[in-house]
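*Asks:* only geometry, no sequence info:
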């Protein structure tokens, strides 16, 4: 009986092995494909990361070269970019147009960027603010105030800059009290940069106010 049982066990084991090997021959390719997919996916991810990094570095180099060029505006306009990078280049070209006193071209660029739904919201808001500043007194007071009020809402990335522009507009409109109040609002904000605080302080002092007063 022991020999019979042992023989049966051996036969059973052989049958089990045959089934395993048959399964491997039949479905083993799935494991190979899965392994190749994992390895290939990891390689593709690394290639994608390296490509994105190289593109970012090339874009940064192009921006730096444009800033240092003899004619930065022309250099910025020559940069080929897509998406948010194209908007950044357009903003910088518009800033150079402003520096060249070509306000019409700068304003047209800012308005185009602000109206482009493909441009990130933060860049659209920046373009809107720049357009208000470039337009200056040529913009209808009510339109200017409405645009700045929208940009000065809590959570806006350029809220404090919009408030500063509101103070400038109030001063231009002959309302120094409101200009001082807006400047003090900037001073009391924990997110105000040192530059903003300095400009707000200088405005208050210039208008005869006390920056330390609440």
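*Replies:* Thanks, I have it. Computed from a predicted model, the values in this text were never measured in an experiment. Numbers count the residues shown, from 1 in each chain.
*Asks:* how many neighbours does the spatially closest residue to residue 115 that is not a sequence neighbour have?
*Replies:* Distance criterion Cβ to Cβ, 6 or more residues apart in numbering; nearest residue to residue 115, sequence neighbours excluded, is residue 124 at 8.0 Å. In this view, the C-beta of every residue, glycine as well, is placed from N, C-alpha and C. Residues near residue 124, counting by other Cβ atoms under 10 Å, number 18.
*Asks:* and for residue 204?
*Replies:* 24.
*Asks:* quick one: contacts for it?
*Replies:* 180, 183, 184, 187, 210, 211 (Cβ atoms under 8 Å, 6 or more residues apart in numbering).
*Asks:* among those, which are in helices?
*Replies:* Under the assignment DSSP state H, these contribute 180, 183, 184, 187 to helices.
*Asks:* my read: the third one touches residue 201, true?
*Replies:* No: counting by Cβ atoms under 8 Å, residue 184 sits too far from residue 201 to count as a contact (9.7 Å).
*Asks:* between those two, which one's more packed in?
*Replies:* Under the criterion of other Cβ under 10 Å, the comparison of residue 184 against residue 201 puts residue 184 first, with 21 against 17.
*Asks:* what's near enough to touch the more buried one?
*Replies:* Taking Cβ under 8 Å, 6+ apart, one finds 200, 204, 209, 211, 213, 214 in contact with residue 184.
*Asks:* phi, psi for residue 209 please.
*Replies:* With angles defined as degrees, to the nearest 10, residue 209 sits at phi -100, psi 170.
*Asks:* no no, residue 82
*Replies:* Dihedral angles (degrees, to the nearest 10) for residue 82: phi -130, psi 160.
*Asks:* which residues touch it?
*Replies:* Per Cβ under 8 Å, 6+ apart, neighbours of residue 82: none.
*Asks:* read off the pLDDT value for it.
*Replies:* As predicted, residue 82 sits at a pLDDT of 83.
*Asks:* again with residue 26
*Replies:* 58.
*Asks:* cool, residue 111 as well?
*Replies:* 92.
*Asks:* please renumber so the chain begins at 864
*Replies:* From this message on, residue numbering opens at 864, which makes the last subject residue 974.
*Asks:* could you report the separation of it from residue 1026?
*Replies:* Distance of residue 974 to residue 1026, given as Cβ to Cβ, to the nearest Å: 22 Å.
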